[in-house]
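Engineer: just a sequence and a predicted model for now, questions to come.
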There are 2 protein chains.
Amino acid sequence: MNEAARIPPEIPSPDAAPPAANEDRPEAPAYDLMELLFFAYRDFVADPDRILAEYGFGRAHHRVLHFVDRNPGLTIAELLDILRITKQSLNRVLKELIEQGYIAQRTGTSDRRHRLLTCTPGGRRLARRLAAVQGRRLRRALDEVGPELREPAGRFLLALIEPGEREAVSRLLAATAETGPADEP
Amino acid sequence: MNEAARIPPEIPSPDAAPPAANEDRPEAPAYDLMELLFFAYRDFVADPDRILAEYGFGRAHHRVLHFVDRNPGLTIAELLDILRITKQSLNRVLKELIEQGYIAQRTGTSDRRHRLLTCTPGGRRLARRLAAVQGRRLRRALDEVGPELREPAGRFLLALIEPGEREAVSRLLAATAETGPADEP
DNA sequence: GAGATATGTCAACAACACTGACGTAAATCC
DNA sequence: GGATTTACGTCAGTGTTGTTGACATATCTC
């Protein structure tokens, strides 16, 4: 509807817009990075999608499986905070994963209201299979651009994250780094 | 389907071992990068989402608007190839964008079957407003990690893209770099 | 015991993807 | 110049994943 009424105050626009080139005008939006991020992410999730389809699962299941595998004992509330979805949305996929034996629940000991989530062996197997294809893509990419870019790439991605959330993300990464993908099945 | 049929050659497997493990085992999967990509992308699209909600639009509208703004004269088939969705899916959001005056169609001259898509001034304004918030996030990130990481970051993201598609993506990026976000309002 | 917290659930709805089928106009092939 | 292919439009139905709102239950905290 009437778009004419809407005048975004933020963009100096009409004559202030510079050419796309990045070097000459550092203020030009990084269109190339925006689009690379789009294409990279699309291909990045496409591999798991194919596997998930075999199981009748979707991306939502993948995310739950992934973070539970990486963080055994995760509670519902923590998972909701990671995924940023409503508990109703989570519950639907979580229920399926539990009913089909990929994820197990146990009641918290210190706080019996908590539901501590863990992967069953089958759940872990699927989670790692999904991680494997994404890991292969990442490894191939790092092999191509040079392994010395791994740490900078991580810093760049972290810098893209909302500042107020980086701390929590970093803690999560550190926690999983301890637990590790461990050889234990 | 039958995942049990899979027998990884190296691992004795106590009860159906994980194909998830890296066969040659050079190093563990880059779990940190997987998760950083997830969180970064989530925040990256969150900014546009808020703006789009004002207009009653969603991410699908954003993607169409973005690529049409960046590639004036784009055809339906080209857009479908970029977005990798069905024409029925595209048609729904495209119709809304056209009806509400954000995108215009004209018939191709060399091939009158083509529909050449362009942004109206209002469409361009919205597209640039959306690009602006994502551009701000990218610029802030690059300021933090150092601008010298811009080019490597782009190479890393490109390397994540399916090899067979990188050529097309590169061409698209090059094309938009030429056309640029033109000064005309 | 009162109130807050963590979780579960029901119902309705919306965005956005899919498949399959069919139609039309325009270009191309033989 | 008729047949075929290509590019696009549309109708109808379906599935996944998100949303809001309301309400229930168990458990912890004060």
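Structural biologist: Looks like it came in fine.
Engineer: use CA for all of it now, contacts and neighbours both
Structural biologist: Noted.
Engineer: for whatever helix or strand A:Asp81 lives in, buried residues please.
Structural biologist: Per DSSP states H and E, A:Asp81 falls inside helix A:76-83. The neighbour-count criterion (16 or more other Cα atoms under 10 Å in any protein chain shown) identifies A:76, A:79-80, A:82-83 as the buried residues of helix A:76-83.
Engineer: same deal with stretch A:138-146?
Structural biologist: For stretch A:138-146, using 16+ other Cα under 10 Å, the buried residues are A:138-139, A:141-142, A:145.
Engineer: separation between A:His66 and B:Leu172?
Structural biologist: 33 Å (Cα to Cα, to the nearest Å).
Engineer: neighbour count: those two, which is higher?
Structural biologist: A:His66 (21 against 17; other Cα atoms under 10 Å in any protein chain shown).
Engineer: how distant is the helix or strand of chain A with the lowest mean pLDDT from the center of its chain?
Structural biologist: When each helix and strand of chain A is scored by mean pLDDT, DSSP states H and E, helix A:163-179 comes last, with a mean of 87. Centroid displacement of helix A:163-179 relative to its chain, using Cα atoms, centre = their mean, to the nearest Å, is 13 Å.
Engineer: roughly how far apart are whichever residue of chain A sits closest to DNA strand C and A:Arg113?
Structural biologist: DNA strand C sits closest to A:Ala77 of chain A, with a gap of 3.3 Å, by Cα to the nearest atom of the strand. Relative to A:Arg113, A:Ala77 is positioned 11 Å away (Cα to Cα).
Engineer: okay, now whichever residue of chain A sits closest to DNA strand D: neighbour count?
Structural biologist: For chain A and DNA strand D, the shortest gap (Cα to the nearest atom of the strand) falls at A:Gly58, measuring 2.7 Å. Per other Cα under 10 Å, the neighbour tally for A:Gly58 reads 16.
Engineer: what sits against it?
Structural biologist: A:49, A:52 (Cα atoms under 8 Å, 6 or more residues apart in numbering or on different chains).
Engineer: got any ranges where chain A has weak pLDDT?
Structural biologist: Flagging of chain A using pLDDT under 70 yields the residue ranges A:1-26, A:178-185.
Engineer: just the buried positions in the least confident helix or strand of chain A, please.
Structural biologist: Under 16+ other Cα under 10 Å, the buried positions of helix A:163-179 are A:166, A:169, A:172-173, A:176.
Engineer: other SSEs contacting it?
Structural biologist: helix B:31-55 (3 or more Cα pairs under 8 Å, 6 or more residues apart in numbering or on different chains; DSSP states H and E).
Engineer: next SSE after the helix it packs on?
Structural biologist: Scanning onward from helix B:31-55 (DSSP H and E), the first element met is helix B:59-70.
Engineer: got a list of contacts for that next one?
Structural biologist: B:48-49, B:52, B:74, B:79, B:83, B:93-94, B:97, B:103, B:117-119, B:123-124, B:127, B:130-131, B:176, B:179-181.
Engineer: buried ones among the residues you listed?
Structural biologist: The buried subset of the contacts of helix B:59-70 - by 16+ other Cα under 10 Å - is B:48-49, B:52, B:74, B:79, B:83, B:93-94, B:97, B:103, B:117-119, B:123-124, B:127, B:130-131, B:176, B:180-181.
Engineer: centroid-nearest residue for chain A?
Structural biologist: A:Arg63 (7.1 Å; Cα atoms, centre = their mean).
Engineer: which residues of chain A lie near DNA strand C?
Structural biologist: Residues of chain A found near DNA strand C (Cα under 7 Å from any atom of the strand) are A:75-78, A:87-88, A:91, A:95, A:113-116.
Engineer: mind checking the SS state of A:Leu117?
Structural biologist: strand (DSSP: H, G, I helix; E, B strand; the rest coil).
Engineer: so which bits of chain A are right by DNA strand D?
Structural biologist: Taking Cα under 7 Å from any atom of the strand as the contact definition, chain A meets DNA strand D at A:56-61, A:84-90, A:93, A:109-113.
Engineer: of those, just the buried ones, ChimeraX syntax please.
Structural biologist: ChimeraX command restricting the residues of chain A next to DNA strand D to the buried ones, with burial defined by 16+ other Cα under 10 Å:
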select /A:57,58,61,90,93
